[in-house]
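Novice: Attaching a predicted model along with its sequence, questions to come.
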Amino acid sequence: PMVADNYSPFQRMSTETFEDARIDYLLSQRYPGLKKILIALHPKPDEYACNPDDESCIRHRLAMVSYAMLDPDHDYENPFVIEFANKFREALSQGDSSSKAMASLALSFTARTRLQSDQSPKVHFKDTEVCYRDDNRHLWVFIEEGDEEESFEKHEQKAEEPDVQGLPPRHYPEWDYHSKTYRPDWVSLYESLHPSGNAATIDGLLTKHSALAKRLKAIMELLKPQQHVRVRYQEEGSELDLDVAIRSLIDFKGGAQLDPRINMSHERDGRDIAVMLLLDLSASLNDIPAGCEQSILQLSQEAVSLLGLTIQGLGDDFAIAGFSSNTRHEVRYQHIKGFSEGWNDEVKARLAAMEAGYSTRMGGALRHAAHYLEARNADKKLLLVLTDGEPSDIDVDDEQLLIQDTRKAVTELDQANIYTYCISLDQRADEYVKDIFGKQYTVIDRVEKLPEKLPLLFAALTS
């Protein structure tokens, strides 16, 4: 069964419709005479019977696409109904008849056809109920109990409930540029420690780029603070402050209370920075750019490995995390390196296991990264975002919605004194990236240069 908590009610309704159509299709293939009976039993809604200005038409749209998937001679003119009915038949004719494939198709249909009026309490029901179909309760398992969970076979569901790893979700708002208000607690973000692979893989990448690593190390040496400041009057320090200790002893013998602050320490002056590298781990990272032999994900691994090695030499406060999303109900945030961790084999093992999947809901991930940066005691706080595309998700059909939310998140971080900088690998990024990050971005057109460019950009931003 699928985890119902990850789907909105509309997404579940759409998934159930496509799953029912899948069963009808397979039955008709096995028993050809049954198809005519199913078509006769299935209601055929009038295409123009529902007015979206007055009522919610989501059930009406689903009933139309359901009928169109069953009967190729449906005569509907709605372009989405035609498109998804054709996609449905194409997928099944090619043997992709899994429930997972139907769920993916259903989520796409919901995102592409969503209307504001779908939320209306007045719902169009006429000719939308297919009487011979069941309620699909076998499709779902609920992780969290709520109003929408049924009590049927409750003890059996408890036994089958999956073992959910990680922390409970954190909820973040999302900016609606239409109403110019926040949607409170709109995004559910799940954070976890990234799975581990083989640290030797990263060592191999660093060996491959040893000449570049040596050159970067020389550049980073120039960024190291050369001056030291003596910090006096410390209870604990690296050495005894002799002048203060003598004065304290004289005062003590004169009857005054002994001052324990007789130590001193030396600190480097001129560099106090905390850096968070946030990696877009959406599915498009699996693409191999034109003229390259490696995927964007592989090039990103190499670039981050070199950056990690060079930052370690500087001694900066440094963390790495990755994110992806599967609707607003599941933004995944995975820790690869924590601020308190060194550049060690455990970190390299997580970096070696990086995988790309799902979508790019960026606003919530930025806000969560800011949560960690705000806690750092540093003069300068930098959030580096490495991405290959614009913010998007499968449950959003308005392209500007997530772009404007990410822009709002960047503004929030600026107000919190966190400097956000985007490194984009998308050749068409000029169409949107300036709207989000202002002047705080760089577009790398030649993705194969990323392993060299990323550490140099970091050096330029922090010098």
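Specialist: Received the coordinates, thanks. Numbers count the residues shown, from 1 in each chain.
Novice: May I see the buried residues of stretch 305-313?
Specialist: Taking 16 or more other Cβ atoms under 10 Å as the basis for neighbour counts, the residues of stretch 305-313 that come out buried are 305-311. Every residue, glycine included, has its C-beta placed from N, CA and C.
Novice: Show me the domain layout of this structure.
Specialist: 2-164, 193-223+271-462, 229-268 (automatic domain parsing).
Novice: Backbone dihedrals for Tyr182, please?
Specialist: In terms of degrees, to the nearest 10, the main-chain angles of Tyr182 are phi -90, psi 140.
Novice: What's the per-residue pLDDT of it here?
Specialist: On pLDDT, Tyr182 comes in at 94.
Novice: three-state assignment of the residue nearest to it when sequence neighbours are not counted?
Specialist: In space, and not counting its chain neighbours, Tyr182 is closest to Pro173: 4.0 Å by Cβ to Cβ, 6 or more residues apart in numbering. Under the three-state scheme (DSSP: H, G, I helix; E, B strand; the rest coil), Pro173 adopts strand.
Novice: One more: Val231?
Specialist: Three-state assignment for Val231 (three-state DSSP): strand.
Novice: Can you tell me who it pairs with across the strands?
Specialist: Per DSSP bridges, the residues bridged to Val231 are Ser265.
Novice: Was I right to think it contacts Ser265?
Specialist: Yes - judged on Cβ atoms under 8 Å, Val231 makes contact with Ser265 at a distance of 5.1 Å.
Novice: Find the residues that touch each one of the two.
Specialist: With contacts defined as Cβ atoms under 8 Å, 6 or more residues apart in numbering, the residues adjacent to both Val231 and Ser265 are Gly237.
Novice: Output the contacting helices and strands for the helix or strand containing Tyr421.
Specialist: Secondary-structure element containing Tyr421, defined by DSSP states H and E: strand 418-424. Applying 3 or more Cβ pairs under 8 Å, 6 or more residues apart in numbering; DSSP states H and E, one finds that strand 418-424 makes contact with helix 362-373, strand 380-387, helix 399-415, helix 433-437, strand 441-443, helix 450-462.
Novice: ok, and what's touching it?
Specialist: Outside of strand 418-424, the residues within contact range by Cβ under 8 Å, 6+ apart are 366, 370, 373-374, 380-388, 410, 413-414, 433, 436-437, 440-444, 453-454, 457, 461.
Novice: Weed out the non-buried ones from the residues you listed.
Specialist: Those of the contacts of strand 418-424 that meet the buried threshold are 366, 370, 373, 380-388, 410, 413, 433, 436-437, 440-442, 444, 453-454, 457, 461, by 16+ other Cβ under 10 Å.
Novice: Let me know the secondary structure of the residue most central in space within the chain.
Specialist: Closest to where the C-alpha atoms of the chain average out (Cα atoms, centre = their mean) is Ser324, at 2.5 Å. Three-state secondary structure (criterion: three-state DSSP) places Ser324 in strand.
Novice: pretty sure it is touching Arg332, no?
Specialist: Yes - because the distance of 5.1 Å satisfies Cβ under 8 Å, Ser324 is recorded as touching Arg332.
Novice: tell me, what's touching these two both at once?
Specialist: Here Ser324 and Arg332 share the contacting residues 281, 358, scored by Cβ under 8 Å, 6+ apart.
Novice: can you name the farthest residue from the center of this protein?
Specialist: In the chain, the residue that sits farthest from the middle, by Cα atoms, centre = their mean, is Gly254; the gap is 65.7 Å.
Novice: What separation do you get for His138 and Met13?
Specialist: Using Cβ to Cβ, to the nearest Å, His138 is found at 16 Å from Met13.
Novice: Comparing these two, which shows the higher neighbour count?
Specialist: In this comparison of His138 against Met13, neighbours counted by other Cβ atoms under 10 Å, the higher total goes to Met13 at 16 against 11.
Novice: Surely the more buried one touches Leu62?
Specialist: Yes - proximity of Met13 to Leu62 meets the contact threshold set by Cβ under 8 Å, at 6.5 Å.
Novice: so what's in contact with those two at the same time?
Specialist: Looking at what touches both Met13 and Leu62 (by Cβ under 8 Å, 6+ apart), there is no common residue.
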